[in-house]
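Q: got a predicted model here, sequence first, then my questions.
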There are 2 protein chains.
Amino acid sequence: MCDSPEETLRWKAIANALRSELAEGRNSPGDKLPTEAALSAHFGVNRHTVRHGFSVLIDEGLVRTRRGARAYVAATPNDYPIGQRIRFHENLITAGRQP
Amino acid sequence: MCDSPEETLRWKAIANALRSELAEGRNSPGDKLPTEAALSAHFGVNRHTVRHGFSVLIDEGLVRTRRGARAYVAATPNDYPIGQRIRFHENLITAGRQP
DNA sequence: TATGATTTGTACGTATGTATT
DNA sequence: TAATACATACGTACAAATCAT
């Protein structure tokens, strides 16, 4: 009942995986993340799917990207716990489901 | 100089164009927007470019989308004037430019 | 109610531009 | 200067939800 196929979406699974990585605490703000190409290979997905997942973390303020430079950690989930609450964008989308 | 090539980006130009349309006041919350295909043809761009522009308005809370259904107006810029201030996402990105 | 058409969502692929390293 | 890496934008295909008949 009420199956939530959230994890079946690759971009969302990648976002969750990366967020968990940051929550582990082994990364500090300023640390560089792997390249899109490296993450694509690691997750076995297209580069754009990685970018889609990245956009979630960017909107959450956890990660920042700059053209030409590697993405880096802007904050960790522990800094200001958003926990299960997802980004604004997500809220709007899921809210759209309600009648 | 200091040219700000904000308008040269198609997805941003489309977002601005659609936002201006909503600001005109001829649309009310609940009104349906043209389909992605129609907007693609109208702006002469790919469907994904339209979707990219849409994501801006979605994050601003002006538009909502549901799979299978047309996008509809959730609010108008006049409802809560954001004016020149761009969405959170944009702020993060542009903030990334600063040293 | 049921079926088919419409429309958005996801995912992959490719090419080129532009900033950083 | 050259290599690296992200950003934009085109394209294709299929899945899934909605709408219309």
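A: Looks like it arrived, so ask away. Numbers count the residues shown, from 1 in each chain, chains lettered A, B, ... in the order given.
Q: contacts, neighbours, all on C-alpha from now
A: Noted.
Q: for the helix or strand that contains A:R51, C-alpha coordinates in PDB please.
A: Using DSSP states H and E, A:R51 maps to helix A:47-59. Extracted in PDB, the C-alpha atoms of helix A:47-59 (Å, rounded to 0.1, in the frame of the first residue of the first chain):
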ATOM      1  CA  ARG A  47      26.300  11.700 -17.000                       C
ATOM      2  CA  HIS A  48      23.000  13.600 -17.200                       C
ATOM      3  CA  THR A  49      21.400  11.300 -14.600                       C
ATOM      4  CA  VAL A  50      24.200  12.100 -12.200                       C
ATOM      5  CA  ARG A  51      23.700  15.800 -12.900                       C
ATOM      6  CA  HIS A  52      20.000  15.400 -12.200                       C
ATOM      7  CA  GLY A  53      20.800  13.800  -8.800                       C
ATOM      8  CA  PHE A  54      23.300  16.600  -8.200                       C
ATOM      9  CA  SER A  55      20.700  19.200  -8.700                       C
ATOM     10  CA  VAL A  56      18.900  17.900  -5.700                       C
ATOM     11  CA  LEU A  57      21.900  18.300  -3.400                       C
ATOM     12  CA  ILE A  58      22.600  21.800  -4.900                       C
ATOM     13  CA  ASP A  59      19.000  22.900  -4.100                       C
END
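Q: buried residues in that helix, which are they?
A: For helix A:47-59, the neighbour count (16 or more other C-alpha atoms under 10 Å in any protein chain shown) marks A:R47, A:T49, A:V50, A:R51, A:H52, A:G53, A:F54, A:S55, A:V56, A:L57, A:I58, A:D59 as buried.
Q: ok, the residues you listed vs chain B, which is closest?
A: A:D59 (5.4 Å; C-alpha to the nearest C-alpha).
Q: ok, now how distant is the closest one from B:V50?
A: Separation of A:D59 from B:V50 (C-alpha to C-alpha, to the nearest Å): 20 Å.
Q: and for A:R67?
A: 22 Å.
Q: A:T49 too?
A: 18 Å.
Q: got the residues of chain A near DNA strand C?
A: By the rule C-alpha under 7 Å from any atom of the strand, the part of chain A lying against DNA strand C is A:8-12, A:44-49, A:66-70.
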